[in-house]
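Novice: based on what follows, work out the 3D shape:
(chains A, B, C and D)
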Protein chains: 2
Amino acid sequence: MAQNVAQGDSPAQGQPARPDLAAMLVPLGRALMAAEQPILNAQGLTMWAYTVLLHLDEKPIRTQSALAEAIRADKTRIIAVLDALEARALIHRQPDPEDRRARLLSLTPEGRLLRDRVQYAIQQGEERLLALLPAEEREGFLRGLRTLSALPDLTLE
Amino acid sequence: MAQNVAQGDSPAQGQPARPDLAAMLVPLGRALMAAEQPILNAQGLTMWAYTVLLHLDEKPIRTQSALAEAIRADKTRIIAVLDALEARALIHRQPDPEDRRARLLSLTPEGRLLRDRVQYAIQQGEERLLALLPAEEREGFLRGLRTLSALPDLTLE
DNA sequence: TATTGTTATACTCTATAACTATA
DNA sequence: TATAGTTATAGAGTATAACAATA
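Specialist: As a prediction, this is how the structure comes out:
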């Protein structure tokens, strides 16, 4: 942006060198989600259900609230999702013997299998998309995206 | 992903080398939007209003429907937004003399000024964020993001 | 009759509040 | 009394359908 600063002592604005990040990221994210939808539909999964499968795979979780927080959802919102996943035997959901208020959540073998298959299909499609970028640009994009999305909380101040 | 393919003749899945793109892009986009909110609030702008100002700046538009389509919004959804912007004299909105059904939309000087100020503040914040990335990674990220977000329509098939 | 913009309505998604059960 | 989970309700955001003006 430095080369675009206005010359005078005016507020130093001038033409932006690029669109706003959010103006690029948000529509791209939405388009990508829409493109994944057919793959999820084919397996009878909603986006929330797939998100749950992804987060349970990393490690089992002791309470539904913790899961909800991890995927940035309201705890009331994932209940129907868990109901459906449990009914299809894709997850285990048992009262913790040591504190029967809590529900131990984990993937069943079938859940893991389905999760792997779906993620493989999605990432294969993504790779085709990324193949449009020159190798160096692709690497930078992925590394930068991973770094930024791993930041605990963003502020622009 | 190639180095992660399973060894047998099984479905060739194995552990993914990275999270799904959408699983990184969507939360990052949301976090960025949330971070921009205080800047917009300070100027009494909603995200939709700011989006309208950005798109009108590129060039005036002849119909509201065209604007709505350009920013991927429903035509009924932007009406209240245009009402508010017009009431603050940030945009012009006149019936086209040649076809009085259409409304010619353009920025007023004040609208352009406000848009520039807000965008400058937002992009300054973004630059602080991008400064967390090594220079090379930052460049790749921005170039890749611009390329991908410029694609007309994504499919994973 | 078709198109632009608008208004009224319905629907979807999400969050808040109230309730049950365990502790 | 406090916490995990659930259910019922209300709210925001969005889209669909019906309408008025213009062509």
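Novice: show me where chain A has helices.
Specialist: Using DSSP state H, the helices found in chain A span residues A:21-42, A:47-58, A:64-70, A:79-87, A:109-130, A:135-150.
Novice: now the fifth one: buried residues?
Specialist: Going back to what we said before, that points to helix A:109-130. When neighbours are counted by 16 or more other Cβ atoms under 10 Å in any protein chain shown, the buried residues of helix A:109-130 are found to be A:111-112, A:114-116, A:118-123, A:125-126, A:129-130. All C-beta spots, glycine's among them, are computed from the backbone N, C-alpha and C.
Novice: next one: the first one
Specialist: Across helix A:21-42, burial judged by 16+ other Cβ under 10 Å covers A:21-26, A:28-33, A:35-36, A:39-40.
Novice: for the fourth one, same thing?
Specialist: By neighbour count with 16+ other Cβ under 10 Å, helix A:79-87 contains the buried residues A:81-82, A:84-86.
Novice: just checking, what packs against that helix?
Specialist: On a contact count with 3 or more Cβ pairs under 8 Å, 6 or more residues apart in numbering or on different chains; DSSP states H and E, helix A:79-87 meets helix A:47-58, strand A:91-96.
Novice: highest mean neighbour count out of those?
Specialist: Highest mean neighbour count of the helices and strands packed on helix A:79-87: helix A:47-58, a mean of 20 (counted as mean count of other Cβ atoms under 10 Å in any protein chain shown).
Novice: is DNA strand D within reach of it?
Specialist: No - residues of helix A:47-58 are not located near DNA strand D by Cβ under 7 Å from any atom of the strand, the shortest gap being 12.2 Å.
Novice: now that helix and helix B:21-42, what's the angle there?
Specialist: Direction vectors for helix A:47-58 and helix B:21-42, defined by axes from the mean of the first three to the mean of the last three Cα atoms, to 10 degrees, enclose an angle of 120 degrees.
Novice: in chain A, spot the strand with the most residues.
Specialist: With residue count as the measure and DSSP state E as the assignment, chain A has strand A:99-107 as its longest strand.
Novice: centre of the chain versus that strand, how much separation?
Specialist: 23 Å (Cα atoms, centre = their mean, to the nearest Å).
Novice: can you check stretch A:111-124 too?
Specialist: 14 Å.
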